[in-house]
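Enquirer: 3D, please:
(chains A, B, C and D)
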Number of protein chains: 2
Amino acid sequence: MTTLAKAGSGPDPGRDAEASAGVPARPATMRDVAAVAGVSLKTVSRVVNQAPNVAPDLASRVLEAIRLLDFRPNLTASSLRRADRKTSAIGLLLDDVANPFSSALHRAVEEVARGRGTLVFAGSSDEDPDRERELLLALVARRVDGLIAFPVPAGARNPDARNPDAPGGAPGGAFGGAGGGRARLLSESRLGRPMVVVDRPLPTGDVDSVTVDNRDSSRRAIGHLASHGHRRIAFLGDLRTIWTAAERYIGYLEGLAASGLPLDPRLVRHDLRSIDDAERATVELLGAAPPATRPSALFTGRNLITIGAVRALQRLGLHQQVALVGFDDILLGDLLAPRISVIAQDHAAIGRSAAELLFARLDGDHGPPRQLVVPTRLIPRGSGELPAR
Amino acid sequence: MTTLAKAGSGPDPGRDAEASAGVPARPATMRDVAAVAGVSLKTVSRVVNQAPNVAPDLASRVLEAIRLLDFRPNLTASSLRRADRKTSAIGLLLDDVANPFSSALHRAVEEVARGRGTLVFAGSSDEDPDRERELLLALVARRVDGLIAFPVPAGARNPDARNPDAPGGAPGGAFGGAGGGRARLLSESRLGRPMVVVDRPLPTGDVDSVTVDNRDSSRRAIGHLASHGHRRIAFLGDLRTIWTAAERYIGYLEGLAASGLPLDPRLVRHDLRSIDDAERATVELLGAAPPATRPSALFTGRNLITIGAVRALQRLGLHQQVALVGFDDILLGDLLAPRISVIAQDHAAIGRSAAELLFARLDGDHGPPRQLVVPTRLIPRGSGELPAR
DNA sequence: TTGAAAGCGGTACCAA
DNA sequence: TTGGTACCGCTTTCAA
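Expert: From the prediction side, this is the model:
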């Protein structure tokens, strides 16, 4: 018997359905392969996993059957039984997968994961604690090996209290509560698997994190503007409850102090949440006020704010007069006139570091929590070098 | 006995490990919950799945045990046995998750998936057939319910022939071949699960697809420029082997014809793969040539090309003279001077349509393949309305 | 070197 | 209403 034999445990009614009408056939299993190849299930397993010590003729029979049946291994079934329990999948919880910051980080995480044969589940929290919770539970329900997450700030909005039947991946709604209520899932770190947070650390500080030196780089930005003669530098920032926004503001204050400049509260605008907010605030700062109280330079604390500020400057025709340094690079910032000077975060490095840290944990690193800080880079392109006056 | 009883099948050595040292405990199972609650496994299953007809007191005992053990259902185990076999996960194969087009589409897919309790595996093919294949196999190995993919064009590069031990999710390297060689996996559609392709259809045309009306919108763009008096309109496009690039070029030709303009081959540049390529080509078109043969308007076939063209125009100081319409919107295109007129693709609509189509298939829609076409929008912002001369 | 049997964490089916 | 038992596709253990 040199060719394939339909030997083994007799005819296989399950697979026969394949030949019939357009009904999608059940995918072939190792058992099917074993039956067609006339070997045991275990032998198929050995061939699939490239185990040593399989007779060449048996192996080739199995390979042939695999081809014939279009068999593809079921990793979820295998991970269920395997000793290491790994699903070779990780979860990546971003604020918004479509945000350039997030997607650049995503890409870097993907690269590291790929080198480890791992796939990435990505999701957007929209800074909503309920969405964060829902996603986290769905990820854990699928037994991801680990998690990388932008933690949702504690004070974030929560429009409707607890959706009664949220469409979470897992049925049932009784899980994950450490005594019910709106407990923050992330900080509990009771998810039972390694996690690395990015962009901002958790208040508890007991979780691995990767952030940038927000404070120092903001201080440097102010120093940079001051070195070009600016003495009235405005700050435009996001919600102060957001850790990064708060840090950048502190850096601003430190920068003023270091340059011997006084803080003028009239030059500070917090809580800007959108491009429009920023545009309005910029117009206010520059338009209404008497000339003597106007800023000659702006420090914008986030990319959306930078965009709004640029828009306002252009509208007012002041883009060649008022200097600007923005935190976080903006795409095409080098096509504008003047080109926009920024503090660039290395999103790829952040993602790479986070992924490498996570995989180190998965490899058994049980050391104390690590707080990595990735450096930023001040890119002078023109807008930050406009002289005062 | 009103409180929880450690009844059932006696002591549970597995769970006892939890209390010991810092060793991460095995996650609690339904069996553990059953033992603690003093009920059968099946009753726990009923409670978890919110099945009707469970006595309230039993249910609350189970809930209490769930809380106590921090139990979280294992969806992968459940999907293995469940009749529908659904993993509630889909695969999204993009060219690059960090590309704005892709990530906007990703976000839209995520939203639809979320409404269905489904998570999204995202990956980047980089237009590399080997990466595409690797990702597809990894996705199938995890038994995603369906797939949404940017198909890698047939003629795409393939730097090194078949990596001998690619770190694919699945061990072994004998799968997916329809007879070995570099067979295109996507077009075979032998993955055994529903798939929707986006951006470009498959040559075979037998797979659901969502694209935009590349040809018509390009024709409209040319008509738009012609209506502003332009008679010498240049075309700058990507590789002609890419379907979208080819369609847009045809639209360009049709547009010229419709406006009664001759085709001047000297105004056509194909195979531009990067911002730099486009910048160089634009400089060539406008700089070297004698004035009479220079274009008064540019039609750029892709966002990277548009950026390169803008950069060149600015460098040459021609940005207020030479008109420009670009295919696909560019972020911040409205901050430039002049603001850039574009044919905007509705990436969110593409993603939404693709996801809805996919879920319709998952719901049992067995109709013939559908080829959806999403309309585009010509956004006049200034650069496309500069007059000729 | 090969295979039989148990079992991973759940669900389906049927009996009590 | 509740529980027992087989079993999903695969790996592990151990015997042949």
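Enquirer: so who does whichever residue of the stretch 251-389 of chain A sits closest to DNA strand C touch?
Expert: Per CB to the nearest atom of the strand, the residue of the stretch 251-389 of chain A with the smallest distance to DNA strand C is A:L362, at 17.9 Å. No exception for glycine: its C-beta is placed from N, CA and C like everyone else's. Residues touching A:L362, when contacts are defined by CB atoms under 8 Å, 6 or more residues apart in numbering or on different chains, comprise A:86, A:145-146, A:194.
Enquirer: Quick check: the farthest pair among these?
Expert: Set against one another by CB to CB, the contacts of A:L362 have their most distant pair in A:K86 and A:P194, with a gap of 11.8 Å.
Enquirer: so what's in contact with those two at the same time?
Expert: A shared contact of A:K86 and A:P194, defined by CB under 8 Å, 6+ apart, is any residue touching both; here these are A:145, A:362.
Enquirer: Quick one: the helices in the stretch 151-300 of chain A, in order.
Expert: Assigned by DSSP state H, counting those that start in this stretch, the helices in the stretch 151-300 of chain A fall at A:185-188, A:214-227, A:243-258, A:275-283.
Enquirer: With mean neighbour count as extra columns, can I get the ones you listed in a markdown table?
Expert: Conversion of the helices of the stretch 151-300 of chain A to a markdown table gives the following (neighbours: other CB atoms under 10 Å in any protein chain shown):
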| stretch | mean neighbour count |
| --- | --- |
| helix A:185-188 | 19 |
| helix A:214-227 | 21 |
| helix A:243-258 | 20 |
| helix A:275-283 | 20 |
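Enquirer: low pLDDT regions in the stretch 151-300 of chain A?
Expert: For the stretch 151-300 of chain A, the stretches flagged by pLDDT under 70 are A:154-189, A:289.
Enquirer: how does it look with 50?
Expert: Along the stretch 151-300 of chain A, the model assigns pLDDT under 50 to residues A:158-173, A:176-183.
Enquirer: before we move on, the earlier item: gap between the residue of the stretch 251-389 of chain A closest to DNA strand C and DNA strand D?
Expert: 16 Å (CB to the nearest atom of the strand, to the nearest Å).
Enquirer: Pull out the buried positions in stretch A:365-376.
Expert: Applying a neighbour-count criterion of 16 or more other CB atoms under 10 Å in any protein chain shown, the buried positions in stretch A:365-376 are A:372, A:374, A:376.
Enquirer: on that earlier part again, show me which of the contacts of A:L362 is closest to DNA strand C.
Expert: Distance from DNA strand C was checked for each of these by CB to the nearest atom of the strand. The minimum falls on A:K86, at 13.1 Å.
Enquirer: one step back: what is the nearest of the buried residues of stretch A:365-376 to chain B?
Expert: Distance to chain B, by CB to the nearest CB, is smallest for A:V374 among those, at 17.2 Å.
Enquirer: Quick check, central residue of chain A?
Expert: Centrality entry for chain A: nearest residue to the mean C-alpha point is A:L94, 4.0 Å, by CA atoms, centre = their mean.
Enquirer: who's more crowded, A:K86 and A:P194?
Expert: A count of neighbours by other CB atoms under 10 Å in any protein chain shown puts A:P194 above the other of A:K86 and A:P194, at 23 against 18.
Enquirer: Isn't that one up against A:R361?
Expert: Yes - contact between A:P194 and A:R361 holds when scored by CB atoms under 8 Å: they sit 3.8 Å apart.
Enquirer: what's the overlap in contacts for these two?
Expert: Applying CB under 8 Å, 6+ apart, one finds that A:P194 and A:R361 are jointly contacted by A:146, A:208.
Enquirer: Which residue, other than its chain neighbours, is closest to the residue nearest to the centre of chain A?
Expert: A:S102 (3.9 Å; CB to CB, 6 or more residues apart in numbering or on different chains).
Enquirer: And for A:V373?
Expert: Taking CB to CB, 6+ apart, and ignoring the residues beside it in sequence, A:V373 has A:D213 as its nearest neighbour in space, at 5.4 Å.
Enquirer: likewise A:M195?
Expert: Sequence neighbours aside, A:L147 is the residue nearest to A:M195 in space, at 4.3 Å (criterion: CB to CB, 6+ apart).
Enquirer: Wait, a strand at A:I343?
Expert: Yes - residue assignment for A:I343, taken from DSSP: H, G, I helix; E, B strand; the rest coil, places it within a strand.
Enquirer: partner residues bridging it?
Expert: On DSSP bridges, the residues paired with A:I343 through beta bridges are A:F327, A:L378.
Enquirer: That one touches A:R381, doesn't it?
Expert: No - taking CB under 8 Å as the contact criterion, A:I343 and A:R381 are not neighbours in contact, 11.6 Å apart.
Enquirer: Show me which of these two is the more surrounded one.
Expert: A:I343 (27 against 16).
Enquirer: The more buried one: what's it in contact with?
Expert: For A:I343, the residues meeting the contact criterion (CB under 8 Å, 6+ apart) are A:217-218, A:220-221, A:325-328, A:376-379.
Enquirer: Would you format the helices of the stretch 151-300 of chain A as JSON lines with distance to DNA strand C included?
Expert: JSON lines is the format used below for the helices of the stretch 151-300 of chain A (distance: least, CB to the nearest atom of the strand, whole Å):
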{"stretch": "helix A:185-188", "distance to DNA strand C": "18"}
{"stretch": "helix A:214-227", "distance to DNA strand C": "40"}
{"stretch": "helix A:243-258", "distance to DNA strand C": "35"}
{"stretch": "helix A:275-283", "distance to DNA strand C": "45"}
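Enquirer: Would you convert those helices into CSV that also reports distance to B:L272?
Expert: Formatted as CSV, the entries for those read as follows, by distance: least, CB to CB, whole Å:
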stretch, distance to B:L272
helix A:185-188, 45
helix A:214-227, 36
helix A:243-258, 38
helix A:275-283, 31
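Enquirer: Nearest to A:L236, out of those?
Expert: Put simply, out of the helices of the stretch 151-300 of chain A the one that sits nearest A:L236 is helix A:275-283, at 5.8 Å, with distance taken as CB to CB.
Enquirer: what about that closest one, near chain B?
Expert: No - on the criterion CB under 8 Å from any CB of the partner chain, helix A:275-283 is out of touch with chain B, staying 10.3 Å away.
Enquirer: Please apply the same query to stretch A:118-127.
Expert: Yes - residues of stretch A:118-127 contacting chain B under CB under 8 Å from any CB: A:118-124.
Enquirer: Check which residues of that stretch are buried.
Expert: Neighbour-count burial for stretch A:118-127, counted by 16+ other CB under 10 Å, picks out A:118-125, A:127.
Enquirer: Which of those fall within strands?
Expert: Secondary structure assignment (DSSP state E) places A:119-124 from the buried residues of stretch A:118-127 within strands.
Enquirer: Now tabulate the residues you listed in TSV and tack on distance to A:L63.
Expert: Supplementary listing: these in TSV, determined by distance: CB to CB, whole Å:
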residue	distance to A:L63
A:L119	25
A:V120	31
A:F121	32
A:A122	35
A:G123	38
A:S124	42
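Enquirer: And those, which is closest to A:P295?
Expert: Taking CB to CB as the measure, A:S124 is the one of those closest to A:P295, at 35.0 Å.
Enquirer: Assess the claim that that closest one and B:A108 are in contact.
Expert: No - using CB under 8 Å as the test, A:S124 is too far from B:A108 to be in contact (10.9 Å).
Enquirer: Many thanks, I have nothing further to ask.
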